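Trainee: Okay, predicted coordinates and the sequence, questions at the end:
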Amino acid sequence: MDIVLVTAPTEKPVSLEELKKHVIADDFTDDDEILQIYLDAAINHMDGYSGMLARALMSQEWAVQACEWRGCFTMPMKPVKGVVLKYFDEANVEQTVPETAYRLSGETLWLDSSFTRPKVYERGDAVSAVFTLGEEDPADVPAAIKAAILLMAAGLYANREQTGGAEFHQNPAFDLLISPYRRMHP
C-alpha cells in the first residue's frame with residue numbers, strides 16, 4: 001500500500017506575522033523572505049506523513065492506495081475528519097463507493113462485510129481511501145505544536161550564520177512541547 005498526498009494544505013498553522021513577533025522582527029521587512037523559508041521548513045518538519053508528528057496540521061487530503069480490495073484501510077496520521085473510498089473499475093474509470101458500504105473508526109476505514117467488491121483495473125492505485133485530515137482553522141492547531149514551530153523557525157533564524165566550530169544548542173522546550181503529539185511506532 002502507498003500513502004500519497006492528494007491535496008496539500010492551503011493554510012499554515014503559524015503565520016509569518018506570528019514568527020516576526022516571536023523573533024522581534026515585526027518592525028521591518030528585510031528578513032521576511034528568509035523568515036518564511038525557516039517557517040516553511042519548521043512546518044514541513046512536523047506536518048504530514050513524513051513529518052515527525054505523523055499529523056496533518058491543517059486541512060489536507062491523503063490517500064491510502066492499494067492494487068486490490070482490502071478489508072480495511074488505515075491512515076497512519078491524525079486527526080481524521082472524513083474519508084471517501086474510490087476505485088478504478090474494469091474499464092479504468094474511477095468510481096466512488098457508497099458511504100453505506102464502509103464505516104470510519106478512528107483512523108481506519110472498514111468495508112462492510114455485505115459489500116460486494118467490484119473487479120478493479122490492474123494498477124497500483126486501483127483502490128484508494130482518500131482521508132481528509134487536519135484542522136480548518138489555525139486556531140484549532142494545538143498551542144504546543146504552534147509554539148514548537150515558532151521555536152524551531154526562530155532557532156534557524158538565530159543560528160543562520162553558524163560556522164562549523166560553533167555548537168548548535170536546541171531549545172529543550174521543543175521536545176517537551178511536541179512529546180504528547182509525537183509519532184508512536186507499534
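Mentor: Okay, I see it.
Trainee: Quickly note the distance from the closest residue to residue 59 other than its chain neighbours to residue 36.
Mentor: Distances taken as CB to CB, 6 or more residues apart in numbering put residue 134 closest to residue 59, at 4.5 Å, once the chain neighbours are dropped. C-beta here means a position set from N, CA and C on the backbone, and glycine is covered the same way. Separation of residue 134 from residue 36 (CB to CB, to the nearest Å) stands at 20 Å.
Trainee: who's more crowded, the two?
Mentor: Using other CB atoms under 10 Å, the more surrounded residue of residue 134 and residue 36 is residue 134, with 25 against 16.
Trainee: Quick check: pLDDT value at that one.
Mentor: As summarised for this prediction, residue 134 has a pLDDT of 96.
Trainee: Over to the one 5 residues further on?
Mentor: pLDDT recorded at residue 139 is 97.
Trainee: Would you map the strands across the protein?
Mentor: For the chain, the strands identified by DSSP state E occupy 2-7, 60-66, 72-74, 80-88, 94-96, 102-105, 108-111, 127-133, in order along the chain.
Trainee: so which of those strands is the most packed in?
Mentor: Of the strands of the chain, the one with the most neighbours on average (mean count of other CB atoms under 10 Å) is strand 127-133, at a mean of 23.
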